[in-house]
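In: how would this look folded up:
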Amino acid sequence: MDILLVTSAFNSLTQRVFAELGDRGHSVRVELALGDEPLREAVRRTSPDLVVAPMLKTAIPADIWSSRVCLIVHPGPVGDRGPSSLDWAIHLGAAEWGVTVLQAAGEMDGGDVWASARCPVPADVGKSDLYRNEVSDAALEAVLLAVERFASGTYVPEPQDPTGSGAGVCGRPYFAQSLRRIDWASDPTETVVRKLRGADSQPGVLDVLLEEEWYLHGGHAEDTLRGRPGELVATRSGAVCRATVDGAVWIPELRPRRKADGPATFKLPAVAALGDRVAALPEIAAPIAWEPPAERRTWSDIRYREDGQAGFLSFTFAGGAMSTAQCRRLLTAYRFACTRPTTVLVLGGSRDFFSNGIHLNVIEAADDPARESWENINAMDDLVEALLTTTDRLVVSALGGNAAAGGAMLALAADEVWCRSGAVLNPHYRLMGLYGSEYWTYTLPRRVGNEEAQRLTRRALPVTAARAYGIGLVDVVIESTPQDFGSVVAHHASRLASAPGTQRRVGEKKAARERDEAVAPLSAYREAELARMRATFFDPGAPYHALRAAFVRKVRPSSTTDQLRAGTSPVAGHGD
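Out: Next comes the predicted model:
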């Protein structure tokens, strides 16, 4: 079928729906919801069989939905209505939630139901993590079923309220900041963390900190440090620790409230955002190889553990972005892991993002963004080089969530890439105006071949885990829930470590690296890539700078790109 995706942003869920429908042979195009008339023009131009809206903040014009079927993906169970569904799910402490695919109609979220799916709500995840994982899985299940039902031509969608009594329908208002407000003098840690989790990516929790207004993003419980409620008591790896009435919480990111007529603000690591105002706070680092007892609650964005001959180096950086400092800390942890007597070393293995490459927000906030860009890309390259030159054990990249740009190339530096079935990969840089580095000109062609490597980087479209496996981009696709991914990876890693052929493979790695080095040194790939990156970074007129600023400040685009409008074609195959 010809399917038009209408969306407010080409976000993670839209990318997944786009790629999954393309994998199933549909012709899929995208139109950003930038106004009623552009939408009308897109429908006239493409004349789609079906319109699907994976993420929409505005209503589809009545003349469009009244003339053709338009399916809306609502991140709530059947009967749920309102713009803040997931916020309410976390606020209410729901153990289970759902996704509904309904037909656009006159009443917002009130149309007939084409499909729905349930999903769990883990107790310890934030809203954005939940959206990208459990909700994404349920949404894809419901969308695929709805599209199948529509294609049959026989299915009749069911009304949400067949009796008109209102039974089973629950409309909830916008979740305002008044509902998110933290009372540091009385809210216990559990309540504070729940409020922070419910707004972790957007919009954040508006609060007063050091006599200024900030949006707080993300929250993790700490049960050892203490202080006066509301007081900042420590820092760790860019985060700040703030005392509650019965403990404390770690807050990784802050965003200043936008001033009247001032520029848009953006999130930064909390310590970077506060600068000298927290210079006197103690930095309490968590050891790299430390797994607290089950009854402990604290936060660390890098952890290492072992299980027999398998080592596991996990990292969780907000938004998947990796600043210069984060890359260097992860490299230090990786070097430590390589001193341990293991046969297999797993990098990643946590739920949600693997990595999205360099930290554009930190770069944008730097006094010299060009210089910070250069430092950041070199720190990424150092990390990738460490993986590529590890010859005394097998290295596995385990992607529990999405990976993009340099983060995707980081994964490819491992001997094997394991990927959760729900993850989406974006192995390209072009949309940020960059050539790319991280040794991609070495790792990508050796996995998929030169022709496919050029296609992936030129087309700059998302790739499903299944498609990535089909072209050799990943080695193993793991069918698991987001919560179970870590344990499944651990099981696979233990089996790999004890497999009869593993020691032989390790023994062959050094010779293989030496052969490749003789053909073309790794330094040659790095130098060639960085020459092009340096030319871009230090050219004030390069598109990268404007693209970065727009991305960081979430500037609304003026039109849909030709790349998205071209979409996928079943004739050309997967967007080729």
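
In: In the protein, where is pLDDT below threshold?
Out: For the chain, residues meeting the criterion pLDDT under 70 lie at 163, 165, 167, 290-296, 569-576.

In: go with 50
Out: Residues of the chain that meet the criterion pLDDT under 50 lie in 571-576.

In: contacting residues for the residue nearest the centre of the chain?
Out: By CA atoms, centre = their mean, the chain has its centre lying nearest to Phe353, at 4.3 Å. For Phe353, the contacting residues are Arg132, Thr316, Phe317, Gly319, Gly320, Gly401, Asn402, Ala403, Gly407, by CB atoms under 8 Å, 6 or more residues apart in numbering. Backbone N, C-alpha and C define where each C-beta goes, glycine included.

In: what helix or strand is it on?
Out: Taking DSSP states H and E as the definition, Phe353 sits outside all helices and strands.

In: hey, where'd the strands end up in the stretch 251-400 of the chain?
Out: 253-256, 268-269, 302-307, 310-315, 321-322, 344-351, 357-358, 394-400 (DSSP state E, counting those that start in this stretch).

In: Now mean neighbour count and distance to Ala333 too, for those, in CSV please.
Out: Converted to CSV, the strands of the stretch 251-400 of the chain look like this (neighbours: other CB atoms under 10 Å; distance: least, CB to CB, whole Å):
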stretch, mean neighbour count, distance to Ala333
strand 253-256, 22, 21
strand 268-269, 24, 18
strand 302-307, 18, 5
strand 310-315, 24, 6
strand 321-322, 24, 13
strand 344-351, 25, 10
strand 357-358, 28, 18
strand 394-400, 26, 14
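
In: Export these as CSV, with columns for distance to Glu283.
Out: Shown next, in CSV, are those (distance: least, CB to CB, whole Å):
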stretch, distance to Glu283
strand 253-256, 17
strand 268-269, 13
strand 302-307, 15
strand 310-315, 19
strand 321-322, 20
strand 344-351, 24
strand 357-358, 24
strand 394-400, 29
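
In: how far away is the residue nearest to the centre of the chain from Ser237?
Out: 16 Å (CB to CB, to the nearest Å).

In: ok, how many other residues are close to Lys57?
Out: When neighbours are counted by other CB atoms under 10 Å, Lys57 registers 10.

In: In contact with it, which residues?
Out: Ser8, Ala33, Pro83.

In: give me that answer again for 10 Å
Out: By CB atoms under 10 Å, 6 or more residues apart in numbering, the contact list for Lys57 reads Thr7, Ser8, Ala9, Ala33, Pro83.

In: Could you do Arg526 as well?
Out: Counted by CB under 10 Å, 6+ apart, Arg526 has contacts Asn378, Asp381, Asp382, Val384, Glu385, Ser437, Glu438, Tyr439, Thr441, Tyr442.

In: For Ala321, which non-adjacent residue is spatially closest?
Out: His359 (4.0 Å; CB to CB, 6 or more residues apart in numbering).

In: Would you confirm that that neighbour contacts Glu253?
Out: No - with contact defined as CB atoms under 10 Å, His359 does not reach Glu253; the gap is 11.1 Å.

In: what sits in contact with each of the two?
Out: With CB under 10 Å, 6+ apart, His359 and Glu253 have common neighbours Leu268, Pro269, Ala272, Ala318, Gly319.

In: neighbours around the third one, how many?
Out: Around Ala272 there are 18 other residues, counting by other CB under 10 Å.

In: Just list the residues touching it, thanks.
Out: By CB under 10 Å, 6+ apart, the neighbours of Ala272 are Gly238, Glu253, Leu254, Val278, Ser323, Ala325, His359, Asn361, Val362, Ala365, Ala366.

In: Settle this for me: the fifth one is touching Ile363, isn't it.
Out: Yes - using CB under 10 Å, Ser323 is in contact with Ile363, at 8.2 Å.

In: Overlap of the contact sets of the two?
Out: Glu372, Glu375, Asn376.

In: Out of the residues you listed, give me the one that has the most neighbours.
Out: Neighbour counts for these peak at Asn376, which has 27 neighbours (criterion: other CB under 10 Å).

In: how far away is that residue from Leu425?
Out: 21 Å.

In: now swap in Val395 and tell me
Out: Val395 is 18 Å from Leu425, by CB to CB.

In: Likewise for Val17?
Out: Distance from Val17 to Leu425, by CB to CB: 15 Å.

In: Kindly report the same for Trp114.
Out: 29 Å.

In: what's the answer for Pro75, then?
Out: 23 Å.

In: And the two? Which one has more around it.
Out: Neighbour tally, Pro75 and Leu425, criterion other CB under 10 Å: the higher count belongs to Leu425, 27 against 24.

In: and that one, helix, strand or coil?
Out: Put simply, Leu425 is strand when judged by DSSP: H, G, I helix; E, B strand; the rest coil.

In: partner residues bridging Trp214?
Out: Asp207, Pro256 (DSSP bridges).

In: so it sits right up against Leu232, yeah?
Out: No - at 11.6 Å, Trp214 does not count as touching Leu232 under the criterion of CB under 10 Å.

In: And for Leu179, the neighbour number?
Out: 15.

In: what helix or strand is it on?
Out: Secondary structure (DSSP H and E) places Leu179 in helix 177-180.

In: Can you give me the buried ones in that helix?
Out: Arg180 (16 or more other CB atoms under 10 Å).

In: same check, this time on stretch 520-534
Out: For stretch 520-534, by 16+ other CB under 10 Å, it's Leu522, Tyr525, Arg526, Glu529, Leu530, Met533, Arg534.

In: Which helix or strand contains Ala94?
Out: Per DSSP H and E, there is no helix or strand for Ala94.

In: Can you list phi and psi of it for me?
Out: phi -60, psi 140 (degrees, to the nearest 10).

In: can you check the one 5 residues further on too?
Out: When read as degrees, to the nearest 10, the backbone of Val99 gives phi -130, psi 140.
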